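# Next come a sequence and a model predicted from it.
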Amino acid sequence: MKKIFKYTLLLAFGALISCTNEYEYDGTGTWNATENYSNVAFEKASEEIELEPTVETKYEFTMTRKNTDTEVIVPFVIEENTDDVFKVGEVKFAVGDSVATGVVTFDNAEVGKPYTLKLAVTDPNLVSDYSKGIVYSLTINRVKWNPAGFVIQNGERYDGYAMYTEDIFTTFFSVENLTYPVKVQERDDMPGYFRVINPYGESYPYNEEGDYDPTVDSYIIIDATDPDKVYIPKACYMATDWGYGQFVIWDFAGYYLNQDDAASAEPYFGTYKNGKITFPAGSLLLAMTNYNSGGLYGSNGSGLFALVIDPTLDPYKASIKTDFKWEALYNGAFTSEQLGSTGNANLYKGTCVVNTDACDSVFTADYGTAYYIESPYTEGYNLYFSVLDGKVKTIEGYEVQSTGIESMGAEVFAKINQGTSSFSDTEVVLNITFQNEDGSIVYGTANETLSNITYTPVGVGTYTYVALVSSPASVPGFTMSKRDDKEDVYMIEQWFAPFGGSANLTFTWNKKDNTCTIPTQTTSLDIGEGEIFISDLAYYTGKPEAYGSYPCTFDPATNTFSFTVIYHLANGGYYNNPLAETFVVEFNEAANSAKVVKQSINKWELIMGTPKNGKRMNWKSPFVGTKTNFKSMKTVKGPVF
């Protein structure tokens, strides 16, 4: 998978720690080996093995040597042997052999108890102290794992599976929060101790051939033996690599417990309640072994990770249709990116008024506050969702909702994507995948926006375009407005109207230092190379320090905004110009009656040639604060103002 182009990596924060072990270095030993010493070594320095109780209680390990001239029987120093359970067999190198094997047995090992054997080689005929680390550690645990959980699909029950909601990869890549079945097992001797089998293997929909090793089983271990203190006890290596090295999954609670820091672990524990395992937002960890030295980064950013082991244990859920009282919040502008239309719709807020089986408290705990947008597409077809801890969630039974629209004879349904949707007091952005009922046909994914944001005109001015035209072109009569609920957000209305577009240009203006920021937004223009977006150059690079080279400022002496911008496309191409585009504004006068002076698009010759190749640009950092899918730049978002 071409990950760097298909999904943009979003690591705009520091690593917690390298996920590889760190050792104190105390220097090499002395050279005390005999002449022509064998120079033996263990093939692996350490191994942790789990065995089914029915498997034979023995294990084979491998040793190597460089000098093969003589026959050698390796004498071991046993540094650790839990309960003296291990018996170590002879390791013998025949003349000419560079590899030999040994067998350890552990007939008296109890089921469910880990045992450790540590072997060292110190004979100067075989090793030198100068070559440190001729030590082998083997931990074995005889464990019985049983299938756990079940899922119900199309009326059929499938045992040994659980529904897995992914919110780990979503923190770093512009992939959706998906829910899909995974195999799960539970330890026979430790009820509540689970392992999730290959959650990022074949079952993960975003994987392609070559992204994972189908011959290797990998596990996420989850200790839910205390349902109020659920954690991942050790770093779990996935057999999955998207080009940044093997994925590693852990959590803060398990990490701190491994540091013997129980107090720091406390806020990060998950819970196992009503047959469902969840973790707090930001509590999980992800590393990629070849990215920043395998550093661990916080994940589960939306708090949506879930493992539903028993779907029948969920308590009574409120009926959205019958158990809620609804109040209208506002009537706002509803913009459908999918349909390319704008209209008006009402937003309603719900309160559960039935307390049967604690319906009101249960719904609030699971989903937060309920909302619906009234008939956004067709009369009588509302769009329901909820907001918990500031995050948009789907309500059980409303994961896929009918829009009342038909396409090619099939009813169109809306599936709200939780991690890429957002909610504020003045704006709801629902990232929706439009599909048929079972998802076998997908019509597209788009941001559908209900906005109660209002602006007040504060001036009128002239905008000068330079990047998309053959020579600078100035257009007078643009209204500049200020967002009513923000002190630093402004808009140049109908900014792309001279080119036949309908886009406004939104930007922030910091009046303390007269600096500006233009977040990524559409121009509503497509000149044959795909939809064109605009950002100021420093914002586009994701490097705030780049404002020194690509300024975006306001000059109060001349009332001039200077924007160093880049017009970019979904395929990575771009148009720009060394000159800044400017907006000279006259504040307050004639702002309410200003009209853009319409000019013919033919009067300014748009640059219709091939855009520059964005892949050759020097900035390599991902967009900071954005989620960018290069297949569809319509998912790009700027800061939430």
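Structure received. Residues are numbered from 1 along each chain as shown.
# what sits opposite the closest residue to T82 other than its chain neighbours in the beta ladder?
In this structure, T82 finds its nearest non-sequential neighbour in Y115, 4.2 Å apart by C-beta to C-beta, 6 or more residues apart in numbering. Yep, even glycine has a C-beta here, placed from its N, CA and C like the rest. With DSSP bridges as the criterion, Y115 is bridged to I140.
# wait, Y115 sits on V85?
Yes. Counting by C-beta atoms under 8 Å, Y115 does reach V85; the two are 5.1 Å apart.
# which sections of this protein are below the confidence cut-off?
Judged by pLDDT under 70, the chain has its weakly predicted residues at 1-33, 129-133, 314-317, 355-358, 529, 570, 589-641.
# ok, now with 50
Applying pLDDT under 50 to the chain flags the ranges 1-14, 18-30, 592-609, 614-641.
# all helices for the stretch 201-350 of the chain, in order.
252-258, 262-265 (DSSP state H, counting those that start in this stretch).
# Could I get the contacting residues of A100?
T62, M63, R65, V74, V91, K92, F93, A94 (C-beta atoms under 8 Å, 6 or more residues apart in numbering).
# can you check D223 too?
By C-beta under 8 Å, 6+ apart, the residues touching D223 are G192, Y193, V230, Y231, I232, P233, G254.
# Identify the residue spatially nearest to it, adjacent ones excluded.
Distances taken as C-beta to C-beta, 6+ apart put P233 closest to D223, at 5.1 Å, once the chain neighbours are dropped.
# Distance of that neighbour relative to M288?
21 Å (C-beta to C-beta, to the nearest Å).
# how close does the nearest residue to N67 once chain neighbours are set aside sit to T101?
Nearest residue to N67, sequence neighbours excluded (C-beta to C-beta, 6+ apart): S38, at 4.9 Å. Distance, S38 to T101, by C-beta to C-beta: 16 Å.
# same check, this time on L126
For L126, the distance to T101 equals 16 Å [C-beta to C-beta].
# wouldn't N344 be in contact with N331 here?
Yes. If you go by C-beta under 8 Å, N344 and N331 touch, sitting 5.8 Å apart.
# can you give me the helices in the stretch 401-550 of the chain?
537-541.
# related to what we said a few turns ago, can the contacts of D223 go into TSV with extra columns for distance to I566 and neighbour count?
As requested, these are arranged in TSV below (distance: C-beta to C-beta, whole Å; neighbours: other C-beta atoms under 10 Å):
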residue	distance to I566	neighbour count
G192	53	17
Y193	52	19
V230	46	25
Y231	45	24
I232	42	23
P233	47	16
G254	43	25
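# So which of those belong to strands?
If you go by DSSP state E, the contacts of D223 have Y193 in strands.
# nearest to D167, of the contacts of D223?
Using C-beta to C-beta, I232 comes nearest to D167 of the contacts of D223, at 14.1 Å.
# That closest one: what's it in contact with?
Residues in contact with I232 (C-beta under 8 Å, 6+ apart) are I220, I221, I222, D223, I249, W250, D251, A253, G254, L284.
# again, but for C552
The contact partners of C552, by C-beta under 8 Å, 6+ apart, come to T515, C516, T517, I518, D536, A538, S562, F563, T564.
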